[in-house]
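1. My questions are about this predicted structure, shown below with the sequence.
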Amino acid sequence: MNLLRTKSIEQSIADADEPGRKLKRSLSTWDLMIMGVAVAVGAGIFSVGAKAAANFAGPAVTLSFAIAAVTCALAIMCYAEFATAIPVAGSAYVFTYATMGELLAWIIGWNLILELFTAAAVIAKYWGIYLSKVFALTGLDVPPAISLGGVDLYWGAFLIVAIFTVLLVLGTKLSARVGNIFTLIKIAVVLFVIVVGFTYVKFENYTPFVPAAEPTAGNGAADVLKQSFFGFLTGAAPAQYGTMGIFAGAALVFFAFIGFDVVATSAEEVKNPQKTLPRGIFGGLALVTLLYILVSLALTGMVSYTQLAEAKSPTLTTAFEAVGDTSAAKVIAFGSLVGLTTVIMVLLMGLSRVVLAMSRDGLLPRALSKTSDKHSTPARLQIICGAAVALVAGLTNVDLLEEMINIGTLSAFVVVSLGILVLRRKRPDLKPAFRVPFGKVVPIVSAVLCLYLMTNLAVETWIFFGFWLVLGLAIYFAYGQRHSRLNERFAEANASVNGTPAATGTPGSSVEPADEDELSRT
């Protein structure tokens, strides 16, 4: 049992062309750029910055956004180099399989499923809640949930997930066109909020820019579970603000940048991926970072961070209400609803593409990787993913697991960053269209920053993450390892070397001579 066996890049590209499991290349640079903005700019732009300012960083939340953006940019450089070298669906999972072996690839794929599934479910639930708020602003009383047998059913989550599941089944390009319209609308809303917000700015609210650290008042063990893992490891008492608060804020607002690794999962559906992927990803990241920083500056300039901290769940609406502009609440509510709409679409697509890549390799049931003849989309898989997200979002308290989204993303970022160093050592013959600058420095700094941000997440998040990893390893050893197509190829290659007949494998998994050479080297 070779847990470190790797899958060659050539084989990954060949598997992407397998009849009945192919995706159609239809996305342009503009589509990718808008996709990045679509998944990153959601309701979080109106809430996550306020929470980070109120509870962690104060006015220095702007620095928190900058740190998160730089961390994301460094990691995304590594993604771009990988994606131009291996332009197939699966993102970090595929990259890890080609460099660090099957077991770690499974863990990363499993973490991506955690990230994308949890994010889609959480945001679908919030979408339904914001829809009810929009109805309330128009004078209609439509509750976000209805009670069925004592269980609260969030009907909005079912509605929005069903709509985008159908669109994604009908075609990626069609979904992108619908997403483009919604994204342009929400950019306009965000710009409106920024412009209006700056008219209320008072510069005294920016001081102190970095508030002095102060201990949090809590209740013992529960407080420890809520503190950062780094603080727990170093024995520091639970605290907020100060320099550590800036990094804790960065770990929280990193949630706002998770979309760009999702964009990389669409590599197999991009026209001319060597040029299109880097341009689309970096263009979207630059626009999103600018919007976030402007919103955070407007927010912390409108009201003091202490005033935000007094609110139970501070948002940008809290700031506008504090300055007496209640009419802005309608614009923010509408913007939040539109913002969440496209996020759900991209997350649902990314989730299905990761599962598609893992099922192609046999680590999950192969039947999941079949694509439709008419639309060249994984229709069956997309429907399964949509149904699972809708059920969890509509029937459970999934929002308790929000931070699991960040830890899943950051763990993938760490491995992809280090994977670039392995790729260059193993395959110096590759000449990807985009190459991370400054040699080994950027990948190493990226990995260290991502790992550090992971340690700034709460202790309870790490506990949940540990349980998730144990569950994933159990599934891998019970199913994935035995059904892996690479495992079958190893068996066939060994059998041909030893002159003994190999066990019958999955149809289409025969080993070409070049593959045998690759297997013997791994």
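-> All right, it came through fine.
2. Please make it C-alpha for all contacts and neighbour counts, starting now.
-> Noted.
3. Distance of Val355 relative to Asn272?
-> For Val355, the distance to Asn272 (C-alpha to C-alpha, to the nearest Å) stands at 24 Å.
4. who's more crowded, the two?
-> More neighbours surround Val355 than the other of Val355 and Asn272, with 26 against 17 (other C-alpha atoms under 10 Å).
5. Can you read off the pLDDT for the more buried one?
-> pLDDT recorded at Val355 is 91.
6. Next up, the contacts around it.
-> Gly90, Gly109, Ile113, Leu364, Leu368, Ser369 (C-alpha atoms under 8 Å, 6 or more residues apart in numbering).
7. any idea how far it is from Cys72?
-> 23 Å.
8. can you check Leu112 too?
-> 16 Å.
9. do Phe477 as well
-> 32 Å.
10. same question, Gly439
-> Taking C-alpha to C-alpha, one finds Gly439 at 18 Å from Cys72.
11. Could you give the bridge partners of Asp152?
-> Ser147 (DSSP bridges).
12. So for Gly439 and Cys72, which sits in the more crowded spot?
-> Between Gly439 and Cys72, counted using other C-alpha under 10 Å, Cys72 has the larger neighbour count: 23 against 11.
13. Report the distance from the helix or strand containing the more buried one to the chain centre.
-> Under the criterion of DSSP states H and E, Cys72 resides in helix 61-85. Offset of helix 61-85 from its chain centre (C-alpha atoms, centre = their mean, to the nearest Å): 12 Å.
14. Starting from it, tell me the next helix or strand along the chain.
-> helix 92-99.
15. between the helix or strand following that following helix and helix 92-99, how many degrees?
-> The helix or strand immediately downstream of helix 92-99 is helix 102-137, counting by DSSP H and E. Regarding helix 102-137 and helix 92-99, their directions subtend 170 degrees when assessed with axes from the mean of the first three to the mean of the last three C-alpha atoms, to 10 degrees.
16. average pLDDT for stretch 184-203?
-> Here the average pLDDT along stretch 184-203 is 87.
17. Contacts for that stretch next, please.
-> Contacts of stretch 184-203 (C-alpha under 8 Å, 6+ apart): 291, 294-295, 298-299, 301-303, 320, 323, 328, 331-332, 335, 338-339.
18. List only buried entries from the residues you listed.
-> By neighbour count, with 16 or more other C-alpha atoms under 10 Å, those hold 291, 294-295, 298-299, 301-303, 320, 328, 331-332, 335, 338-339 as buried.
19. which one among those residues gets closest to Gly408?
-> For the buried ones among the contacts of stretch 184-203, the minimum distance to Gly408 (C-alpha to C-alpha) is 22.3 Å, reached by Gly339.
20. Just to check, that closest one is in contact with Ala124?
-> No - here Gly339 does not reach Ala124: they are 11.4 Å apart, not a contact under C-alpha atoms under 8 Å.
21. what residues are shared contacts of these two?
-> In terms of C-alpha under 8 Å, 6+ apart, Gly339 and Ala124 are not both contacted by any residue.
22. ok, then the element right after the strand or helix carrying Leu290?
-> Per DSSP H and E, Leu290 falls inside helix 273-302. Next helix or strand after helix 273-302 toward the C-terminus (DSSP H and E): helix 305-310.
23. That next one packs against which elements?
-> helix 44-52 (3 or more C-alpha pairs under 8 Å, 6 or more residues apart in numbering; DSSP states H and E).
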